[in-house]
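> Sequence below, structure please.
(4 chains)
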2 protein chains.
Amino acid sequence: MLDIRVAIFEDNKLVRDAMQAILNGTPGYRFTGGAADGNRWEMDIRRSEPDVVLMDIEMPGLNGIELTKNICNSFPEVKVLIQTVFNDGERIFLALCAGASGYILKSDPPHRYLEAIKEVYNGGAPFNTTVAKKMLSFFSNKNVILVSPQSNDYRLSEREKELLQLIVEGYDYKTIATKSFISYETVRTHVKHIYKKLHVASRSEVVMKARQQGLL
Amino acid sequence: MLDIRVAIFEDNKLVRDAMQAILNGTPGYRFTGGAADGNRWEMDIRRSEPDVVLMDIEMPGLNGIELTKNICNSFPEVKVLIQTVFNDGERIFLALCAGASGYILKSDPPHRYLEAIKEVYNGGAPFNTTVAKKMLSFFSNKNVILVSPQSNDYRLSEREKELLQLIVEGYDYKTIATKSFISYETVRTHVKHIYKKLHVASRSEVVMKARQQGLL
DNA sequence: TCATAAAATCACCCAATGGGGTATTGTACA
DNA sequence: TGTACAATACCCCATTGGGTGATTTTATGA
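Now for the predicted structure:
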């Protein structure tokens, strides 16, 4: 079997070097590149062609979560394993949303690192028990709301989209009328149509919906 | 060390009996009660005094997620371990929000059950790798939005809370006035105060906020 | 004990919003 | 050519939200 190719984003050179030594000293793993920041992440990934990226989330400069998002978008075949000293729910949550495949604490021993790397490589999702626990309590604290996935083709006409934009921006009908060179009543008619199509019944609902569904 | 006391909610009697046999046949575990549905859950829990509840999420009648929520609210010291054949992200997510401590698939072997029970008992959060993976992909699909945690002490008076309740339930001011034995204008005054305290400016906003922050 | 601060009650004014119609014009499509 | 729909416009009316002001009761603290 081929070695698992691992690249590291980590600002601490000592840690990078240690990981390099551990990885290259363990059969089945190969260290293929390390970077102290994400400034040249695209090139770094192309060069090192990793199967798994070990990502330090607390890097100076480009934020580890953003970096994770970028890598996951541009190189979907690459798995990202987050490593951090933090274990607060929000950070974990954001990293997961960014597309990370697993989460490991810096306090975990090297053998856990190796296990976790193998696990993400094989399609798993390694979680430190502490991490999983934190994440759960984060959920139970109702910090999150569920948005049912749905089609967002509401068949709004072009004109309706224009007006929706202005509504969401908070202009009142009179102002929208002036801006759009139509009458107040026409604005109201369009708004009614928009509300019907989006199944909402008030300004604030439509703003919510438009934001959530990215209709803007 | 004392045995871990385990109760089971599961509609399939065969499964219940099997778990009873396994638990009582394994040192360190004790089966303390089983129920085919959640109709008498409160009494069932009081009788069996479990440390861990094994919850089948696909039970007829009372829904396993609701049941989990109830148990976690009324008996916060009891850990709930969800067992299911499903592994879709949404269901897992809902169960976690309901307060479950871990998630196990029915296809997992008995020894995994025992491990998982011990793990939740010790404060951990067991996850089948498949489950964790599903959950992650659910997150990355942006089905969720984050709500920044904030203090929810808005210093609403008792009366204001009552009226807020009615507002969120969708009654119009006239109806609320009748229901509360006060005049329409007084309802309006209270509503204005509530809006000021909650920093909202419309019915739908206040409904959102109240729901998200559990002000109900 | 008295002053002050709130909570709770009610009233009036006014602007903005939302829902129900109806109507005319133009355009696209079958 | 007729039907459907988008865009325009107007009317009526109920509800909502904000402002101002007032009275009464209740609590709280100096």
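> For chain A, list the residues in contact with DNA strand C, please.
Taking Cβ under 7 Å from any atom of the strand as the contact definition, chain A meets DNA strand C at A:172-174, A:188-189, A:191-192, A:195, A:201-204. To be clear about C-beta, it is placed using only N, CA and C from the backbone, and glycine gets the same treatment.
> just the buried members of these?
Among the residues of chain A next to DNA strand C, those scoring as buried are A:173, A:191, A:195, A:203-204 (criterion: 16 or more other Cβ atoms under 10 Å in any protein chain shown).
> ok, of the residues you listed, which one's closest to residue B:24?
Proximity of those to residue B:24 (Cβ to Cβ) peaks at residue A:204, which lies at 56.7 Å.
> residues contacting that closest one?
With contacts defined as Cβ atoms under 8 Å, 6 or more residues apart in numbering or on different chains, the neighbours of residue A:204 are B:201-205, B:208.
> out of these, which touch DNA strand D?
By Cβ under 7 Å from any atom of the strand, the members of these lying near DNA strand D are B:201-203.
> so which of these are also by chain A?
B:201-203 (Cβ under 8 Å from any Cβ of the partner chain).
> quick check, nearest of the residues you listed to DNA strand C?
For these, the residue nearest DNA strand C by Cβ to the nearest atom of the strand is residue B:202; the value is 7.4 Å.
> Quickly find the element holding residue A:33.
Using DSSP states H and E, residue A:33 falls within strand A:29-35.
> I'd like to know which elements that strand is packed against.
Counting contacts by 3 or more Cβ pairs under 8 Å, 6 or more residues apart in numbering or on different chains; DSSP states H and E, strand A:29-35 packs against strand A:4-9, helix A:13-24, helix A:41-48.
> what's in contact with that strand?
A:3-10, A:16, A:19-20, A:22-24, A:41, A:44, A:47-50, A:114, A:117.
> Tabulate the contacts of residue A:204 (TSV), appending pLDDT and secondary structure.
Output for the contacts of residue A:204, formatted as TSV (pLDDT from 0 to 100; DSSP: H, G, I helix; E, B strand; the rest coil):
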residue	pLDDT	secondary structure
B:201	87	coil
B:202	88	coil
B:203	86	helix
B:204	85	helix
B:205	85	helix
B:208	78	helix
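> From the structure, what's the count of residues near residue A:14?
For residue A:14, the count of nearby residues is 8 (other Cβ atoms under 10 Å in any protein chain shown).
> OK, contacts around it?
Counting by Cβ under 8 Å, 6+ apart, residue A:14 makes contact with nothing.
> Surely residue A:80 is within a strand?
Yes. Secondary structure of residue A:80 (DSSP: H, G, I helix; E, B strand; the rest coil): part of a strand.
> doesn't residue A:70 make contact with it?
No. Using Cβ atoms under 8 Å, residue A:80 is not in contact with residue A:70, being 10.2 Å away.
> So between the two, which is more surrounded?
It is residue A:80, of residue A:80 and residue A:70, that has more neighbours when counted by other Cβ under 10 Å, with 26 against 17.
> quick one: that one from residue A:8, how far?
11 Å (Cβ to Cβ, to the nearest Å).
> Residue A:106 too?
From residue A:106 to residue A:8 the distance is 13 Å (Cβ to Cβ).
> what's stretch A:75-82 in contact with?
Here stretch A:75-82 has contacts from A:45, A:50-55, A:57, A:64, A:68, A:71-72, A:92, A:95, A:99-104, A:116-117, A:120-121, A:126, using Cβ under 8 Å, 6+ apart.
> pLDDT on it, on average?
Here stretch A:75-82 scores 88 as its mean pLDDT.
> Check which residues of it are buried.
A:75, A:78-82.
> Report the inter-axis angle for the helix or strand where residue A:116 lies versus strand A:4-9.
Element membership for residue A:116, per DSSP H and E: helix A:110-121. Interaxial angle, helix A:110-121 versus strand A:4-9 (axes from the mean of the first three to the mean of the last three Cα atoms, to 10 degrees): 110 degrees.
> if we look at helix A:110-121, which residues are touching it?
Helix A:110-121 has contacts (Cβ under 8 Å, 6+ apart) with A:4, A:6, A:19, A:22-23, A:26, A:28-29, A:51-52, A:54, A:79, A:81, A:83, A:101-102, A:104, A:108, A:125-126, A:128, B:129.
> just to revisit the earlier point, sheet-wise, list the partners of the strand holding residue A:33 with their directions.
Neighbouring strands of strand A:29-35 in its sheet, by DSSP bridges, are strand A:4-9 (parallel).
> I'd like to know which helix or strand in chain A has the lowest mean pLDDT.
The weakest-scoring helix or strand in chain A, judged by mean pLDDT, DSSP states H and E, is strand A:144-146 (a mean of 50).
> average pLDDT across the longest helix seen in chain A?
The residue-count maximum for a helix in chain A (DSSP state H) belongs to helix A:184-198. Averaged over helix A:184-198, pLDDT sits at 92.
> which secondary structure elements does that helix contact?
helix A:158-168, helix A:173-180, helix A:203-212.
> For the second one, buried residues please.
Put plainly, it is helix A:173-180. A:173, A:176-177, A:180.
> Alpha carbons of that helix, as CSV, please.
Taking Å, rounded to 0.1, in the frame of the first residue of the first chain, the C-alpha atoms of helix A:173-180 are listed here in CSV:
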residue,chain,number,x,y,z
TYR,A,173,-42.0,51.8,-0.4
LYS,A,174,-42.0,55.5,-1.2
THR,A,175,-38.3,55.6,-1.6
ILE,A,176,-38.3,52.4,-3.6
ALA,A,177,-40.9,53.9,-5.9
THR,A,178,-38.7,57.0,-6.5
LYS,A,179,-35.6,54.9,-7.0
SER,A,180,-37.3,52.6,-9.5
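> Is chain B within reach of that helix?
No. Residues of helix A:173-180 are not located near chain B by Cβ under 8 Å from any Cβ, the shortest gap being 15.4 Å.
> got the angle between the longest helix of chain A and helix A:173-180?
Inter-element angle recorded for helix A:184-198 and helix A:173-180: 100 degrees (by the same axes, to 10 degrees).
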